[in-house]
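Undergrad: only geometry, no sequence info:
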């Protein structure tokens, strides 16, 4: 795996945390994730990626990471039963290979879309040449997938229930065009001990704003 910066983190004091009751209630659930599927308008980011010869998928992923940094609940993770707030959230995704298998790519967050996508593209190519599956070294990431064949309305994910995991899961679907605008389905799954529906809505709002201004850092 290429070198990746984890960044700083802060342990949350459960005695004063406003989410203490929700955290303690949901963190031991067998299935603590809740999810939604919805559509976003990705016209501007799609155009920007095409004009600048950038990967559309990685451009969308970057705009999502910009939004995630603006919602504290999407930067919070569970580590050994405690809640931690991370300064930096990186991206990780499944990477398809020519032989029909997948690997896992991990992308260092950078505020500028062009810099992020070009660096992440190197990681994509590296993973495509391998035949193993590499795990990310910490929990400060969002797990992404893309299903470019499906204009889906629902989705589920593989889960290892014996392994502590609290990272959000975001999946992009098939981009379609109508009346000059491009939209795509997005699924978002979040750990209920860390985020409620309100926080998912906050993320979606910021994600849409980020998609509408692809060259704006918004940090």
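TA: Perfect, thanks for sending it. These numbers were taken from a predicted model, which means no experiment stands behind them. Numbers count the residues shown, from 1 in each chain.
Undergrad: give the contact list for residue 189.
TA: Applying CB atoms under 8 Å, 6 or more residues apart in numbering to residue 189 gives the contacts 33, 34, 35, 157, 168, 169, 170. To be clear about C-beta, it is placed using only N, CA and C from the backbone, and glycine gets the same treatment.
Undergrad: Could you rerun that using 6 Å?
TA: Residue 189 is in contact with 33, 35, 169, counting by CB atoms under 6 Å, 6 or more residues apart in numbering.
Undergrad: cool, residue 208 as well?
TA: residue 40.
Undergrad: what about the chain, any weak spots by pLDDT?
TA: Scanning the chain with the threshold set as pLDDT under 70 gives 1, 218-219.
Undergrad: Of the contacts of residue 189, just say which sits nearest to residue 81.
TA: Nearest to residue 81, judged by CB to CB, of those is residue 33 at 17.3 Å.
Undergrad: Could you check how many residues crowd around residue 162?
TA: Residues within reach of residue 162, counting by other CB atoms under 10 Å, total 6.
Undergrad: and it, what element?
TA: Under DSSP states H and E, no helix or strand contains residue 162.
Undergrad: Counting by contacts, list what the helix or strand where residue 116 lies packs against.
TA: If you go by DSSP H and E, residue 116 is part of helix 113-128. Judged by 3 or more CB pairs under 6 Å, 6 or more residues apart in numbering; DSSP states H and E, the packing partners of helix 113-128 are helix 56-69, strand 102-107.
Undergrad: and residue 32, what does it touch?
TA: Taking CB under 6 Å, 6+ apart as the test, what residue 32 contacts is 26, 191, 192, 193.
Undergrad: Deepest in the core, which of the helices and strands packed on helix 113-128 is it.
TA: Burial of the helices and strands packed on helix 113-128 is given as mean neighbour count (mean count of other CB atoms under 10 Å); helix 56-69 ranks first at a mean of 24.
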